[in-house]
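J.: whatever this is, show me its structure:
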Amino acid sequence: MTPSEIVDKMMNTDYFSQWLGINRLQDGEGKSVLQMQIRKEMLNGFGIAHGGITFSLADSALAFAANGYGRQSVSIETSISHLKPLKEGDIITATAIEENLTSRIGIYRIVIENQAGEKVAIFKGTVYRTEKSWS
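T.: As a prediction, the model looks like this:
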């Protein structure tokens with residue numbers, strides 16, 4: 001299966017990513033670029049995007065990038081730093097960057113930027129690469 005076919009298969013049952021309104025801009029082995037718009041129902045009590053929204057977008061980018069090789073991979077450690085607040089209507093783009101890959105572990109950095117190209121969050125994720133194939 002190609003990376004795009006794998007992500008298609010993942011997205012078919014990833015109802016949360018569908019709810020987020022994620023648009024896939026790039027699929028690849030160890031690569032993923034996703035984009036979405038902040039909606040009113042994503043805001044917290046401060047009127048800014050809930051931190052879980054950027055975390056979730058980055059988590060999806062991590063999953064799609066890591067699984068693009070054709071081996072089922074699951075996250076085992078994640079963290080995020082929020083750099084700037086997001087408001088309703090903002091468009092954010094998450095770009096997954098593979099930092100290290102071994103036969104069992106993959107480490108990724110996901111940079112999230114707003115429509116002005118400003119970094120709004122940085123996410124780090126580690127995945128465990130199983131022996132199970134997507135084919």
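
J.: correct me, but Q72 touches Y128?
T.: No: Q72 lies out of contact with Y128 (C-beta atoms under 8 Å); the separation is 9.6 Å. To be clear about C-beta, it is placed using only N, CA and C from the backbone, and glycine gets the same treatment.

J.: could you pull out the helices in the protein for me?
T.: 3-12, 15-20, 51-67 (DSSP state H).

J.: could you pull out the strands for the protein?
T.: 23-28, 31-37, 71-82, 91-101, 105-113, 119-133 (DSSP state E).

J.: and those strands as TSV, adding mean neighbour count, mean pLDDT and distance to F46?
T.: Supplementary listing: the strands of the chain in TSV, determined by neighbours: other C-beta atoms under 10 Å; pLDDT from 0 to 100; distance: least, C-beta to C-beta, whole Å:
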stretch	mean neighbour count	mean pLDDT	distance to F46
strand 23-28	16	98	26
strand 31-37	20	98	19
strand 71-82	15	98	12
strand 91-101	18	98	17
strand 105-113	20	98	18
strand 119-133	17	98	15
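
J.: including distance to F64, could these go into CSV?
T.: Converted to CSV, the strands of the chain look like this (distance: least, C-beta to C-beta, whole Å):
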stretch, distance to F64
strand 23-28, 6
strand 31-37, 4
strand 71-82, 10
strand 91-101, 7
strand 105-113, 10
strand 119-133, 11
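
J.: can you say which of the helices of the chain is packed in most?
T.: helix 51-67 (a mean of 23; mean count of other C-beta atoms under 10 Å).

J.: quick one: residues in contact with stretch 41-56.
T.: The contact list for stretch 41-56, computed with C-beta atoms under 8 Å, 6 or more residues apart in numbering, reads 16-17, 20, 38, 78, 80, 82, 85-88, 90, 92, 94, 112, 120-121, 123.

J.: what do you get for stretch 69-82?
T.: 1, 3, 6, 29-30, 51, 54-55, 58-59, 62-63, 66-67, 106, 120-135.

J.: same question, stretch 124-135
T.: 1, 6, 9, 58-59, 62-63, 66-67, 69-80, 102-110.
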